[in-house]
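Novice: Would you be able to build a 3D model of this:
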Amino acid sequence: MYGRSLGAVLLGPVVVAACTAGAGTEQPIAPGVVATDPTSPASPAVTNPSATPTGTVTNETALVPMRSARAWTTALAPNARGGWNFITQTYEYQSGTPTEFVVLDLATGHQTVTQGPAGVYANSNYQIDGELRAANGRIFFPELADQMAYYDPSDETVKQVGVLPGDAGDQLMFRVVFGPDGKLYGGTQSSGLPTVFRLDPDTLQYQVLGKVGRDRSSYSYAYYVAVDPPWLYAAVGQSPWELAALNMTTGEMKILATRGDDGFMQLDTRADGVSVTLISGLHTAQQSSQILWCADGQLFPFVGGEPPPFAARAVKPQDSPIAAAPELDVSELDPGAGGVGHVRWRTGAAAAWRDASFQVQYTSPVDIDSLVALPDGTLLGGAAQYHGFFRYDPDGRAMRDYRALGISGGPRTVVDGMVYLSGYPNGVLYAYDPSQPWTATKEPRVDANPSYLGNFAAAGAHYAYFLEPSASGRLYYAGRRERDGVGGGVGYYDVATQQFAGHHRELDTLDPQGLAVLDDLGLVVYSGRANTAAAAQLVVFDTELGELERQTVIAGMRDTGRLFPTAASGVVVGVSATDRVIYRHDVAAGALVSQKALPGAVVAVTQRASDRSIWVVVGAALWRYDATTLEARRVRTLPGAASDAGMLVWRGARLFWATGSELREIATPGE
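Specialist: Have a look, this model is predicted:
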């Protein structure tokens with residue numbers, strides 16, 4: 001939800017194949033203009049101020065293909081004129097610009113913009129369908145830095161409540177709910193123990209109730225909160241999970257239940273009490289769950305269809321629903337380069353859609369978080385923070401902007417002309433046919449392009465890192481676990497049967513760094529970075545992802561790095577950014593072949609398909625390594641300051657480097 005990402009480029013007076021219903025036709029794109037897909041009617045073309053009208057994208061010039069400001073939250077409120085106010089907050093992650101709360105009258109287009117502190121963005125879990133609307137009409141927005149904002153219906157503006165008086169460990173208001181008394185109760189995300197609090201919607205006064213949880217191994221949060229005065233219950237995650245009960249009158253806190261790394265907990269407020277679902281073996285064949293009642297700071301047996309074994313109590317949260325609300329389409333909500341965002345709305349299924357636009361002051365270049373070469377020679381790039389995708393034609397020097405698709409980061413791979421895209425959240429997987437129009441929205445749809453295929457749920461890894469094709473028609477996956485565990489998970493998707501499989505057994509100490517499929521040996525090799533005192537090893541699986549063995553590459557190694565296949569059967573090349581070493585390792589023999597120290601910090605790495613050579617950006621220089629001998633050649637110094645991350649992608653004999661929000665073509669003299 002609060003991840004980081006990278007950026008891209010644009011240019012030129014030319015033509016590019018338009019991804020419209022008439023796919024394959026040519027449509028001119030004016031110099032310096034980012035064209036949007038005409039299948040999205042609310043997406044007018046916008047001028048990219050960083051584009052150069054003439055020339056080419058080279059190693060010395062760069063394009064920034066996308067500027068935007070992410071919309072973090074939404075809400076809807078009736079206004080005194082008989083209409084509706086739409087509320088949102090925009091801020092581009094890590095931009096350093098002020099946040100901006102917008103209140104937009106849908107009928108008149110009148111807007112009020114209130115600036116807030118830089119970086120204090122709203123918790124994106126709270127949107128219109130779950131807005132925190134109090135009985136007095138105020139709508140509350142939990143934010144970063146333990147702050148809370150609220151919409152005030154008296155003057156139709158957004159104001160700040162102030163900072164929660166917790167402690168330095170608190171980072172974010174993670175979960176906020178209404179209690180049966182109409183007050184707001186919530187818990188924080190924390191580097192220590194989460195703080196739980198109460199906020200009066202009328203007086204706007206905070207009261208810190210205490211801390212919840214006891215034995216935390218990393219950051220934690222009050223993932224679920226339920227209130228049955230005088231007790232507050234919190235499911236504290238992630239590792240381990242603890243069900244905490246806090247007496248808000250006496251301050252007594254106790255742990256009622258725990259679950260380990262393969263666990264989960266969910267609190268539910270029912271008509272006659274609070275219940276908790278305790279899960280063990282999450283995303284495994286042994287997954288089991290138990291439902292219990294929470295009452296008087298204790299747990300009681302839960303029997304479906306029978307009343308609770310205690311006197312029923314009024315625990316239903318206060319609810320202030322809004323009636324006859326308009327239908328909204330917020331698929332084009334994020335403002336583009338010109339700072340204009342769009343909301344489409346209508347008052348019934350038979351009514352025509354109307355457009356209401358708003359203007360914000362601040363937009364920023366958006367980082368590129370993925371890049372892949374397509375069969376037709378174009379490049380498909382992903383923009384960070386759910387800002388969608390762009391398609392760049394290096395020959396025509398033109399770009400098309402696809403704003404929709406609710407995916408952030410992750411790997412891309414091309415198989416038989418189809419592009420497979422995986423990413424956050426939940427290790428989602430899509431299939432994109434680049435020869436057909438882009439029709440996807442932020443809602444996953446199997447009938448769209450890209451088409452939603454499902455999730456690598458069994459891997460238990462929310463953050464997708466690697467997606468490698470195999471000769472068997474499977475796509476093998478590796479990702480990082482979050483919230484319900486640590487370390488990594490592996491899985492596969494079988495294209496023919498459309499089946500997912502996977503697990504995260506014994507991978508909790510290794511954060512994923514690489515994945516290689518050795519088809520001739522029937523092996524899948526997982527590479528990781530140790531997150532404990534233990535050294536990193538390569539984990540060798542069979543094609544069903546059954547672990548066969550673990551191999552030490554170099555004694556004491558912390559990170560076995562990115563993996564690349566070679567022409568030699570069973571031999572891989574690894575590039576470790578942590579240990580600053582490149583090596584050849586024979587997986588079949590379980591032995592190191594050779595190694596060589598890298599001359600600095602690794603910024604980006606890729607493999608050229610034509611000769612299997614390894615290309616590494618080290619500091620501000622580009623290096624080429626022979627995959628057979630590890631012979632090194634310093635190719636050139638790169639222009640500008642190196643990013644702390646980046647992607648190198650070969651498109652035939654041309655090399656492209658995505659660094660931050662820029663896309664550059666890198667000249668490779670001597671090749």
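Novice: Mind listing what's buried along stretch 241-257?
Specialist: By 16 or more other CB atoms under 10 Å, the buried positions in stretch 241-257 come out as 241, 242, 243, 244, 245, 246, 247, 248, 253, 256, 257. Quick note: C-beta positions are derived from backbone N, CA and C, even for glycine.
Novice: Sort out for me which of those residues are in strands.
Specialist: Those of these mapping onto strands are 241, 242, 243, 244, 245, 246, 247, 253, 256, 257, per DSSP state E.
Novice: Would you confirm that the fourth one contacts residue 256?
Specialist: Which is residue 244. Yes. Counting by CB atoms under 8 Å, residue 256 is a contact partner of residue 244 at 7.3 Å.
Novice: Now for the two: what residues contact both?
Specialist: residue 233 (CB atoms under 8 Å, 6 or more residues apart in numbering).
Novice: quick one: low-confidence ranges for the protein?
Specialist: 1-61, 640-645 (pLDDT under 70).
Novice: How is this protein partitioned into domains?
Specialist: For the chain, automatic domain parsing gives the domain ranges 67-164+322-362, 194-319.
Novice: Which one, of these, ends up nearest to residue 652?
Specialist: Of all the domains of the chain, domain 67-164+322-362 sits nearest to residue 652, with 29.2 Å by CB to CB.
Novice: Output the domains of the chain as a markdown table; include the columns distance to residue 509.
Specialist: Putting the domains of the chain into a markdown table (distance: least, CB to CB, whole Å) gives the following:
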| stretch | distance to residue 509 |
| --- | --- |
| domain 67-164+322-362 | 29 |
| domain 194-319 | 11 |
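Novice: So what touches stretch 126-137?
Specialist: Outside stretch 126-137, the residues touching it (CB under 8 Å, 6+ apart) are 73-77, 139-142, 153, 176, 178, 182, 184, 201-202, 318, 320-322, 328.
Novice: can you pull the buried residues of it?
Specialist: Neighbour count says stretch 126-137 has 126, 127, 128, 131, 132, 133, 134 buried, by 16+ other CB under 10 Å.
Novice: Need the distance between the two termini of that stretch.
Specialist: Using CA to CA, to the nearest Å, the end-to-end distance of stretch 126-137 comes out at 16 Å.
Novice: same check, this time on stretch 141-153
Specialist: By CA to CA, one end of stretch 141-153 lies 14 Å from the other end.
Novice: about what we covered before: between the domains of the chain, which one is closest to residue 633.
Specialist: Of all the domains of the chain, domain 67-164+322-362 comes closest under CB to CB, at 35.2 Å.
Novice: quick one: which of the ones in strands among the buried residues of stretch 241-257 is nearest to residue 624?
Specialist: residue 241 (47.9 Å).
Novice: ok, the spatially closest residue to the closest one that is not a sequence neighbour - contacts?
Specialist: Closest residue in space to residue 241, ignoring its immediate chain neighbours: residue 259 at 4.1 Å, by CB to CB, 6 or more residues apart in numbering. Residue 259 makes contact with 240, 241, 265, 278, 279, 280 under the criterion CB under 8 Å, 6+ apart.
Novice: Columns distance to residue 348 on top of these, output as a markdown table?
Specialist: A markdown table is the format used below for these (distance: CB to CB, whole Å):
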| residue | distance to residue 348 |
| --- | --- |
| 240 | 49 |
| 241 | 44 |
| 265 | 41 |
| 278 | 44 |
| 279 | 41 |
| 280 | 47 |
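Novice: Just among those residues, which is most surrounded?
Specialist: residue 241 (26 neighbours; other CB atoms under 10 Å).
Novice: Isn't that residue up against residue 256?
Specialist: No. Assessed by CB under 8 Å, residue 241 is found out of contact with residue 256, at 11.4 Å.
Novice: need the strands for the stretch 201-350 of the chain, in chain order.
Specialist: 206-211, 220-228, 231-237, 241-247, 253-259, 264-270, 273-280, 288-295, 298-301, 327-329, 340-346 (DSSP state E, counting those that start in this stretch).
Novice: Of all these, which one is nearest residue 158?
Specialist: Here strand 340-346 is closest among those (CB to CB), at 15.6 Å.
Novice: Can I get the closest one in CSV, CA atoms only?
Specialist: Extracted C-alpha coordinates of strand 340-346, given in CSV (Å, rounded to 0.1, in the frame of the first residue of the first chain):
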residue,chain,number,x,y,z
VAL,A,340,-6.5,17.9,-13.7
GLY,A,341,-8.4,14.9,-12.3
HIS,A,342,-11.7,13.6,-13.4
VAL,A,343,-14.8,12.1,-11.7
ARG,A,344,-17.6,10.7,-13.8
TRP,A,345,-21.0,10.5,-12.1
ARG,A,346,-24.7,9.8,-12.7
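Novice: list the helices and strands it packs on?
Specialist: strand 84-90, strand 327-329, strand 354-359 (3 or more CB pairs under 8 Å, 6 or more residues apart in numbering; DSSP states H and E).
Novice: and it, how far from the chain's centre?
Specialist: For strand 340-346, the separation from the chain centroid amounts to 24 Å (computed by CA atoms, centre = their mean, to the nearest Å).
Novice: list the buried ones in that strand?
Specialist: Within strand 340-346, judged by 16+ other CB under 10 Å, the buried ones are 341, 342, 343, 344, 345.
Novice: All the strands of the stretch 501-650 of the chain, in order from the start?
Specialist: Under DSSP E, counting those that start in this stretch, the stretch 501-650 of the chain gives strands at 510-518, 523-530, 538-542, 547-551, 562-565, 571-576, 581-586, 591-597, 602-607, 614-618, 621-625, 632-637, 647-651.
Novice: Now the longest one: buried residues?
Specialist: For strand 510-518, the neighbour count (16+ other CB under 10 Å) marks 510, 511, 512, 513, 514, 515, 516, 517, 518 as buried.
Novice: Let me have those in a markdown table, extended by distance to residue 618.
Specialist: As requested, those are exported to a markdown table (distance: CB to CB, whole Å):
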| residue | distance to residue 618 |
| --- | --- |
| 510 | 24 |
| 511 | 22 |
| 512 | 22 |
| 513 | 17 |
| 514 | 17 |
| 515 | 22 |
| 516 | 22 |
| 517 | 27 |
| 518 | 27 |
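Novice: Among those residues, which one lies nearest to residue 211?
Specialist: residue 511 (28.6 Å).
Novice: so how far is residue 558 from that closest one?
Specialist: 11 Å (CB to CB, to the nearest Å).
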